[in-house]
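Student: I would like the atomic coordinates for the input below:
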Amino acid sequence: MNGWNDQIAAGAVAILGLLVLILLIWVAWVTARLGKLRKAHAKLVGETGVPKLEDVLQAVHEHLGRLEQEQRELDGIQKQQDKRLTAMKGKVGVHRFNAFSDSGSDLSFSVAFINEEQDGVVITGIHGREQTFLYAKPIDKGQSAYLLSPEEKTAISLALQKG
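Tutor: The predicted model follows:
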């Protein structure tokens, strides 16, 4: 019986030794994973000075909220600037013509300054031998409250054709 107990004891010691070896390998693996997690945590928390991940996530969430608010404000400003730019950006059309058949050259002109919304002004200079006359007429949506000459209509049309 003693021999049988010695064999059982030796087997039990071998099994326990194998179990201890497996546990040591598992502890080494868990330690390596824990080291990786610590590095990842340090990278995530970074230089925030906040040890709890929940606090870091809260700070990140608040920062994102501020950034989203700023983005909405910037979008509004950009839309306003786009409207202003559309209203300001001008197209120019120049039409030269001979107002009087006896003057011999195209010294008279009509110049139209029109924006994207077809608002602006048309300026006409009529040159004669003795005098030069200048006229300015406002343009609203491609039309004027004043009677437009064919030359002024041509200048407006030339300006609107530019894109």
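Student: where do the strands sit along the protein?
Tutor: Along the chain, the stretches classed as strands by DSSP state E are 90-97, 108-115, 120-127, 132-139.
Student: contacts for the second one?
Tutor: For strand 108-115, the external contacting residues (Cβ atoms under 8 Å, 6 or more residues apart in numbering) are 86-99, 120-127, 139, 142, 149, 151-152, 154-156, 158-160. All C-beta atoms are positioned from the backbone trio N, CA, C, and that covers glycine.
Student: make it 6 Å
Tutor: Applying Cβ atoms under 6 Å, 6 or more residues apart in numbering, the contact partners of strand 108-115 are 87, 89-97, 99, 120-127, 151-152, 155-156, 159.
Student: Now which of those residues would you call buried?
Tutor: 91, 93, 95, 97, 99, 120, 122, 124, 126-127, 151-152, 155-156, 159 (16 or more other Cβ atoms under 10 Å).
Student: Give the rounded mean pLDDT of stretch 138-147.
Tutor: On average, the pLDDT along stretch 138-147 is 91.
Student: Please read the previous query as pertaining to stretch 96-104.
Tutor: 79.
Student: neighbouring contacts of that stretch?
Tutor: When contacts are defined by Cβ under 6 Å, 6+ apart, stretch 96-104 is touched by residues 106, 108-109, 126, 128, 151.
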